[in-house]
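*Asks:* Quick one, fold the following:
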Amino acid sequence: MKKGKLYFRYGTMGSAKTAILLATAYNFEERKLCFVCLKPVIDTREGDSVIRSRIGIERKCEWIYSDTNLFERAKEMHEKTGVVVDWYLVDEAQFLTEAQVDQLARIVDVYGSNVICYGLRTDFQSHLFEGSRRLFELADSIDEIKSTCNCGRKTIINARIDQHGDFVEEGAQVEIGGDDRYVAVCRRCWRNKRIEQASRDALPLF
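*Replies:* You can find the predicted model right below:
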């Protein structure tokens, strides 16, 4: 049996994770490899079953619902067609459940498929997402897709912003949005901006 791996490739928003996934899918298509693109249904910004990059390229995909059993889906496909998928490419992997990451790992171990998960590491409060945490625990290979803050340092925080550009401190972990709701910054800029906001808000009003 071929030996597959579970990969986690993470980065902040705007680090071209989705563009890399789509370029990888194109490469697999050119080489006539058997692959499947998947995406959690929680992100519906791009319409029905579509993965779209900010640079404008897109590809049809299969939705992953909160109750989707990814191993059973792979098993069913194998039993019906006899085909073992060479590669699974998963976008927005931070939105996977812990159980679904376990199921992806089982696909690797049982069928020898390769699974590449692309996603965020942490939320706007710098806390790990459920899917990301489990991927850090189980992945055979973990790679950071780096991007640069306006100050020149590496971005690690996906800061949520309001209509005035201020950082939002409270709210639900998941809130879908683009450049109008999030900005990727380094830890130092994130800290300094929050200190600045706290100092400003503490000033008395006359």
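
*Asks:* Please, where are all the helices along this protein?
*Replies:* Taking DSSP state H as the test, the helices found in the chain are 17-30, 70-81, 98-111, 130-138, 187-202.

*Asks:* for the chain, what helix or strand is lowest in average pLDDT?
*Replies:* The weakest-scoring helix or strand in the chain, judged by mean pLDDT, DSSP states H and E, is strand 50-52 (a mean of 81).

*Asks:* give me the beta-bridge partners of the residue lying closest to residue 104 once chain neighbours are set aside?
*Replies:* The shortest distance from residue 104 to any non-neighbouring residue, by CB to CB, 6 or more residues apart in numbering, is to residue 115 (4.8 Å). C-beta coordinates here come from the backbone N, C-alpha and C atoms, glycine included. Assessed by DSSP bridges, residue 115 has beta-bridge partners residue 6, residue 88.

*Asks:* Does residue 115 touch residue 85 like I think?
*Replies:* No. Judged on CB atoms under 8 Å, residue 115 makes no contact with residue 85 at a distance of 9.3 Å.

*Asks:* What's the local residue count around residue 141?
*Replies:* Using other CB atoms under 10 Å, residue 141 is surrounded by 11 other residues.

*Asks:* got the contact list for it?
*Replies:* 5, 6, 7, 8 (CB atoms under 8 Å, 6 or more residues apart in numbering).

*Asks:* quick one: it from residue 73, how far?
*Replies:* 23 Å (CB to CB, to the nearest Å).

*Asks:* Identify the residue spatially nearest to the spatially most central residue of the chain, adjacent ones excluded.
*Replies:* Centroid-nearest residue in the chain: residue 119, 1.7 Å away (criterion: CA atoms, centre = their mean). Counting by CB to CB, 6+ apart, residue 119 lies nearest to residue 93, which is 3.5 Å off, once chain neighbours are set aside.

*Asks:* burial measure for the one you found, as a count.
*Replies:* For residue 93, the neighbour count with other CB under 10 Å is 32.

*Asks:* any idea how far it is from residue 120?
*Replies:* In this structure, residue 93 lies at 8 Å from residue 120, with CB to CB as the measure.

*Asks:* Likewise for residue 150?
*Replies:* As judged by CB to CB, residue 150 and residue 120 stand 19 Å apart.

*Asks:* Neighbour count for these two, which is higher?
*Replies:* Using other CB under 10 Å as the criterion, residue 150 and residue 120 rank with residue 120 on top: 23 against 11.

*Asks:* Perfect, I'm done here.
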